[in-house]
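Q: quick check, what structure comes out for this input:
(one chain, ligands or ions: 2)
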Amino acid sequence: MSQISTVRPYSVAPDIDVLSMYFPIPGFGQLPVNAFVLKGREPLLVDTGAPLDGEGADATEGFMAALRQVIDPADLRWIWLTHADMDHVGSVHQILEEAPQARVITTFLTVGRMSVFRPLPMDRVYLLNPGQSLDIGGRTVTSVKPPSFDAADTAGLYDSKSRTFFSSDCFGALLQGPAETAGDISAADLREGQLLWATLDAPWLHKVDDKAFAASLNEVRKMEPERILSSHLPPAYRMTEQLVGTLATAPTATPFVGPDQAALQQMMAQLTGDAARAAVTA
Ligand SMILES: [Fe+2]
Ligand SMILES: [Fe+2]
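A: Residues are numbered from 1 along each chain as shown. Ligands and ions are numbered 1, 2, ... in the order given. Okay, here's the model as predicted:
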């Protein structure tokens, strides 16, 4: 079975880097888990990785090493937490230690969810609600509620300077393997992976009001983003219509049903070789 990958940093725009890792989901493929560094006068880190990565036991070390390759953490001024799920907040406390100037932009609900396991220092929090904007070093970042999400506190952001929509869990896809950009994935594979992710991550999409969902998808179109940077998709350049078009069909796609106990036992048997032995002796 494939392992959690190491965190790989690479450039997606002159002022944006991605910190990318892949998390295997047995039987379903690999899920990209991304954080992003937006460079400028006041550098911003969007999310802080998963608490486990390919470096093993010292959970945050792989993420921190990748981060240090693209920026001195001490130079960070802002950390945007899109929501408090573990794959987004893994290294936040480590980074707060190494980035004494940095403040966390997030929502009241994310602060509340973080307080259940390890609270954020409140004097370093900046609360920004969807629809509100903040000027950071000559660029305006606006908090945006994405059309789909798996947690109530989710807020993505739009950066006017780079015309980038950081969409958090929205527009994610389960993939067969790593890809440098979303454009490198065949349209069929991307569509299938996107629908699988959308239906497992946001099963409430099957209950949405058509008009309300179409309106929220149109909000993304109106941004006319140059690129969409999802937490769970390789960087997507000028692919808004393709990504939005696929997500528009998620409410009527086949609902996701996870493996049951019989399927789990079958998977475990395959992993231990019991299935092979049983086949030989049958
Ligand atoms: Fe999430
Ligand atoms: Fe996520």
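Q: which ones are touching residue 12?
A: For residue 12, the contact set (Cβ atoms under 8 Å, 6 or more residues apart in numbering) comprises 18, 36, 181, 227, 229, 235. Bear in mind the C-beta positions are built from the backbone N, C-alpha and C, glycine included.
Q: how close does it get to ligand 1?
A: 21 Å (Cβ to the ion, to the nearest Å).
Q: neighbouring contacts of stretch 208-216?
A: With Cβ under 8 Å, 6+ apart as the criterion, stretch 208-216 contacts 145, 147, 205, 248, 251.
Q: adding secondary structure and neighbour count, write those out as JSON lines.
A: Output for the contacts of stretch 208-216, formatted as JSON lines (DSSP: H, G, I helix; E, B strand; the rest coil; neighbours: other Cβ atoms under 10 Å):
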{"residue": "145", "secondary structure": "coil", "neighbour count": "16"}
{"residue": "147", "secondary structure": "coil", "neighbour count": "26"}
{"residue": "205", "secondary structure": "helix", "neighbour count": "20"}
{"residue": "248", "secondary structure": "helix", "neighbour count": "15"}
{"residue": "251", "secondary structure": "helix", "neighbour count": "19"}
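Q: can I get those in TSV including pLDDT and distance to residue 121?
A: Listed next are the contacts of stretch 208-216 as TSV, based on pLDDT from 0 to 100; distance: Cβ to Cβ, whole Å:
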residue	pLDDT	distance to residue 121
145	98	26
147	98	32
205	98	36
248	98	41
251	97	40
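Q: rewinding a little: may I see the ChimeraX selection of the buried members of the contacts of residue 12?
A: Selecting only the buried entries of the contacts of residue 12 in ChimeraX, with 16 or more other Cβ atoms under 10 Å as the criterion:
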select :18,36,227,229,235
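Q: out of the contacts of residue 12, the closest to residue 137 would be?
A: residue 36 (16.1 Å; Cβ to Cβ).
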